[in-house]
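# Below is the structure, and that's it, no one-letter string:
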């Protein structure tokens, strides 16, 4: 499938010579999350998002031109990533994943802006398997871009758990990778059984799983983490009676002001501390966790 078959053609754009107050009106009145700045030839220059608004007010830039804002934010045409409408969705997906972006301006052969492609567009037009880990059948890391906005705009606390299999390399070395794959599948199934149906489970890395628990606070997160840890320790293999599994878990409660990736980083730091503390345990991130 080509980009032109999935992109949104109704894109909000504005000239670099327009005022920042005009930009704010578009973002607020149209209810959009981003506006593309174009030059006189309708070539895209940069993207301005809702995240840039606080900087506008804190530095009193509201009465300036958008070009001044671009210079202040160090956003240049040189570092804008675009894709052509007749290129493949696979390429678009790889670009968005590589550069950690959720919106991609679409241009024609003359570099004129013709649309915009978002991760939501990919999800809507692409088979769901693109965002599914083929081995464990849970979501993969790319899925985070789909739910990122929802998580950061939610008005409730979310629990973040980073779950890492202890001594997984030793399991692969001793029993082989087929057994290692079976361990991953059983652990994914065990975690899904231990959390609510609407919670998120993502295979974050080779032997790491990320659980995102909605409506979960500091009181409930340790309870759920311990339930996951104990359930995984109960996993047994009929023909491998000497194989025992444990996990180290780090947790963080994501508040309204927190970004998703910073919250994941803190859960990961707590997980590392759990490893350093002897493994097979849960640690909740605190300000002193490093």
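Received the coordinates, thanks. This structure is a prediction, so every number in the text was calculated from the model and none was measured.
# Can you give the contact residues for stretch 143-152?
Stretch 143-152 is contacted from outside by 33, 96-97, 100, 102, 119-120, 123, 131-132, 158, 200, 202, 212, 254, 258-260, using Cβ atoms under 8 Å, 6 or more residues apart in numbering. Bear in mind the C-beta positions are built from the backbone N, C-alpha and C, glycine included.
# Which secondary structure state does the most centrally placed residue in the chain sit in?
With distances taken as Cα atoms, centre = their mean, residue 144 lies nearest the centre of the chain, 2.8 Å away. Assigned by DSSP: H, G, I helix; E, B strand; the rest coil, the conformation of residue 144 is helix.
# And it, how far from residue 41?
Residue 144 sits at a distance of 36 Å from residue 41 (criterion: Cβ to Cβ, to the nearest Å).
# cool, and residue 215?
49 Å.
# of these two, who's got more company?
Each of residue 215 and residue 41 has its neighbours counted (other Cβ atoms under 10 Å); residue 215 has more, 13 against 9.
# just checking, the more buried one touches residue 155?
No: judged on Cβ atoms under 8 Å, residue 215 makes no contact with residue 155 at a distance of 10.4 Å.
# What's the per-residue pLDDT of residue 243 here?
You'll see residue 243 listed with a pLDDT of 95.
# nearest residue to it other than its sequence neighbours?
Nearest residue to residue 243 in three dimensions, chain neighbours excluded: residue 237, at 5.2 Å (Cβ to Cβ, 6 or more residues apart in numbering).
# Helices of the stretch 1-150 of the chain, residue ranges please.
20-29, 53-58, 66-73, 89-99, 119-125, 144-153 (DSSP state H, counting those that start in this stretch).
# circling back: so what's the residue nearest to residue 243 scoring on pLDDT?
Reading off the model, residue 237 has pLDDT 92.
# Now do stretch 205-220, average pLDDT.
95.
# So which residues make contact with it?
Contacts of stretch 205-220 (Cβ under 8 Å, 6+ apart): 138, 141, 147, 151, 154, 156-165, 168, 184, 187-188, 191, 195-196, 198-204, 221, 224, 228, 253, 264, 267, 284.
# So among the residues you listed, which ones count as buried?
Among these, those classed as buried by 16 or more other Cβ atoms under 10 Å are 138, 147, 151, 157-165, 168, 184, 187-188, 191, 195, 199-204, 221, 224, 228, 253, 264, 267, 284.
# Go over the secondary structure and confirm residue 155 is in a strand.
No: Residue 155 is assigned coil when assessed by three-state DSSP, not a strand.
# That one against residue 255, yeah?
No: when contacts are counted by Cβ under 8 Å, residue 155 is not listed as touching residue 255 (10.4 Å).
# And these two? Which one has more around it.
residue 255 (11 against 5).
# got a list of what the more buried one touches?
residue 157.
# swap in residue 184?
So residue 184 contacts 135, 136, 165, 203, 207 (Cβ under 8 Å, 6+ apart).
# where does residue 214 fall, phi/psi-wise?
Here the main-chain torsion angles of residue 214 (degrees, to the nearest 10) amount to phi -80, psi 150.
# do the same with residue 32
According to degrees, to the nearest 10, residue 32 has phi -110, psi 160.
# So for it, what's the nearest residue that isn't a sequence neighbour?
residue 12 (5.2 Å).
# Quick check: residue 227 touching residue 194?
Yes: judged on Cβ under 8 Å, residue 227 makes contact with residue 194 at a distance of 5.0 Å.
# contact partners of stretch 82-101?
Stretch 82-101 is contacted from outside by 1-7, 44, 81, 102, 104-109, 111, 114-115, 117, 119, 122, 125-126, 130, 142, 145, using Cβ under 8 Å, 6+ apart.
# ends of stretch 109-116, how far apart?
15 Å (Cα to Cα, to the nearest Å).
# Run the chain-centre distance for it.
Distance, stretch centre to chain centre, for stretch 109-116: 27 Å (Cα atoms, centre = their mean, to the nearest Å).
# likewise stretch 7-14?
Distance, centroid of stretch 7-14 to centroid of chain: 23 Å (Cα atoms, centre = their mean).
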